[in-house]
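Chemist: coords below, sequence missing:
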């Protein structure tokens, strides 16, 4: 099953720069935990192939760099399926994929003309900006346990 998923991901990202339709199997996606230092934040995953592929990589710890004082980003070593849309307004707590391999966690709200694939969103962003700080930061993304 994982081999089939990997082949499908390769096919979708290597053969077509166009956006991929939403995957019907993504309806089973749960929530993830984002850990920055001693602080944790709960995020809800989108129901799409981008979020499904991202969650299949978890747990994952990334060294994320700061950009423009409003986001942290990290380029993955592999491409993920995309569902790019014109976002219009980025909200603090948005977790997006830029292009097909750049994970972005936003900690400020602002308008943008860029296209992103949605991965998820942190609903309660209280303390997020302070936890992320102004420079590079190590962030762990993991699947939440239902315990």
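Modeler: That came through fine. Keep in mind it's a predicted model, so treat the numbers as computed, not measured.
Chemist: quick one: terminal-to-terminal distance for stretch 124-138?
Modeler: 20 Å (CA to CA, to the nearest Å).
Chemist: contacts for it next, please.
Modeler: 36-37, 39, 41-42, 61-66, 69, 72, 92-93, 105, 107-108, 122, 139 (CB atoms under 8 Å, 6 or more residues apart in numbering). Glycine gets a C-beta too; all of them are placed from N, C-alpha and C.
Chemist: pull the helix or strand with minimum mean pLDDT from the protein.
Modeler: None of the helices or strands of the chain scores lower by mean pLDDT, DSSP states H and E than helix 2-15, at a mean of 39.
Chemist: and after that helix, which helix or strand comes next?
Modeler: strand 31-36 (DSSP states H and E).
Chemist: other SSEs contacting that following strand?
Modeler: strand 39-45, strand 137-143 (3 or more CB pairs under 8 Å, 6 or more residues apart in numbering; DSSP states H and E).
Chemist: got TSV for the ones you listed, with distance to residue 55 too?
Modeler: Shown next, in TSV, are these (distance: least, CB to CB, whole Å):
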stretch	distance to residue 55
strand 39-45	6
strand 137-143	7
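Chemist: output those in CSV; the columns should cover mean pLDDT and distance to residue 84.
Modeler: Putting the helices and strands packed on strand 31-36 into CSV (pLDDT from 0 to 100; distance: least, CB to CB, whole Å) gives the following:
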stretch, mean pLDDT, distance to residue 84
strand 39-45, 96, 17
strand 137-143, 97, 21
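Chemist: now render these as TSV, adding distance to residue 114 and mean neighbour count.
Modeler: Below are the helices and strands packed on strand 31-36 laid out as TSV (distance: least, CB to CB, whole Å; neighbours: other CB atoms under 10 Å):
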stretch	distance to residue 114	mean neighbour count
strand 39-45	20	17
strand 137-143	21	17
